[in-house]
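Colleague: sequence first, then the predicted structure:
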Amino acid sequence: MATSSVMFRISAPTLSSCDAGKANLQRSKLIGAASPSLATLRPRKQSVRCEAGNDRAGGLKEAVDRATKKSITKDDILRNQESNESEKKLVMGTEPTSGSLYPRTEVERRPETGDKSFTGVFAFDGAAPETINGRLAMLGLVWAFIAEKATGLTVFEQLYTPGQTGLVFFVGAVQLFTYASLVPIMNGESTDARSFGPFTARAERWNGRLAMIGFLLLVVIEMFRHAPVFH
């Protein structure tokens with residue numbers, strides 16, 4: 001008796017995405033229902049594994065936001081503007097008034113509710129200048145301490161002495177920190193919206209202000225001494 005055999009070549013589909021895998025699984029179920037003999041040739045267990053992909057990054061961002069971010073509404077700003085005495089004090093002989101070029105009221109200068117244009121953000125009372133300058137000053141003090149200990153050169157010598165790379169790193173750090181500071185501001189988020197443990201906006205402001213004064217004194221002292229302070 002002659003026997004004939006039929007060989008079926010079954011290739012596993014390439015899953016390019018979660019939806020493609022689900023579609024292939026549904027199609028295999030339909031084939032199995034239409035032809036039980038074909039269904040017996042397929043694996044008994046069929047599952048589609050969907051990787052999170054970009055959802056993982058989104059989930060991480062949401063977790064960080066929940067741990068560090070608080071929402072600041074316009075009502076919160078208006079209440080603080082009315083109750084906080086520091087918001088009513090005169091600035092260089094001028095009291096903050098609505099619609100003025102400088103000084104602006106809190107609700108007009110904050111990135112959450114105010115002007116987020118380049119000129120508005122970089123105005124004298126804008127959100128960017130003190131934040132960026134303070135962060136660069138804190139970085140500069142740490143960099144000056146480490147570099148002067150390692151090289152024995154002053155800040156100016158590290159920047160302008162031929163063969164030194166201090167100027168290149170300085171330009172790169174300015175661009176990086178400026179961009180990183182501007183992204184949340186342009187998205188309507190001030191430094192007061194973030195806090196994690198001791199890392200609060202108030203602590204950053206005071207540390208930044210002290211660092212700006214300290215870095216200026218460091219440069220002036222080294223100009224007169226012609227020697228590094230930290231060496």
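Modeller: Noted; the coordinates are in hand. Residues are numbered from 1 along each chain as shown.
Colleague: which of the three states applies to the most centrally placed residue in the chain?
Modeller: Residue closest to the average C-alpha location in the chain (C-alpha atoms, centre = their mean): A180, at 5.7 Å. At A180 the chain is in helix, as set by DSSP: H, G, I helix; E, B strand; the rest coil.
Colleague: OK, contacts around it?
Modeller: Listed by C-beta atoms under 8 Å, 6 or more residues apart in numbering, A180 has no contact partners. Backbone N, C-alpha and C define where each C-beta goes, glycine included.
Colleague: domain-wise, how is this structure divided?
Modeller: 72-126, 127-231 (automatic domain parsing).
Colleague: A63: which of those is closest?
Modeller: domain 127-231 (12.2 Å; C-beta to C-beta).
Colleague: kindly check the end-to-end length of that closest one for me.
Modeller: Domain 127-231 stretches 36 Å from its first residue to its last (C-alpha to C-alpha, to the nearest Å).
Colleague: equivalent analysis for stretch 120-136, please.
Modeller: End-to-end for stretch 120-136, by C-alpha to C-alpha: 21 Å.
Colleague: ditto for stretch 158-177
Modeller: Stretch 158-177 end-to-end distance (C-alpha to C-alpha) = 20 Å.
Colleague: model confidence over that stretch, on average?
Modeller: The average pLDDT within stretch 158-177 is 91.
Colleague: any buried residues in it, and which?
Modeller: Q158, L159, G166, F170, F177 (16 or more other C-beta atoms under 10 Å).
Colleague: that older thread, the domains of the chain: which one's closest to E62?
Modeller: Short answer: domain 127-231, nearest of the domains of the chain by C-beta to C-beta, at 14.6 Å.
Colleague: now secondary structure and distance to R109 too, for the buried residues of stretch 158-177, in a markdown table please.
Modeller: Shown next, in a markdown table, are those (DSSP: H, G, I helix; E, B strand; the rest coil; distance: C-beta to C-beta, whole Å):
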| residue | secondary structure | distance to R109 |
| --- | --- | --- |
| Q158 | helix | 36 |
| L159 | helix | 33 |
| G166 | helix | 35 |
| F170 | helix | 29 |
| F177 | helix | 21 |
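Colleague: which among these gets closest to K89?
Modeller: Distances from K89 to these, taken by C-beta to C-beta, are shortest for F177, at 30.0 Å.
Colleague: which residues are in contact with that closest one?
Modeller: I132, R135, L136, L139.
Colleague: quick check: which element contains the residue nearest to Y160 when sequence neighbours are not counted?
Modeller: Distance criterion C-beta to C-beta, 6 or more residues apart in numbering; nearest residue to Y160, sequence neighbours excluded, is L167 at 6.9 Å. Under the criterion of DSSP states H and E, L167 resides in helix 166-186.
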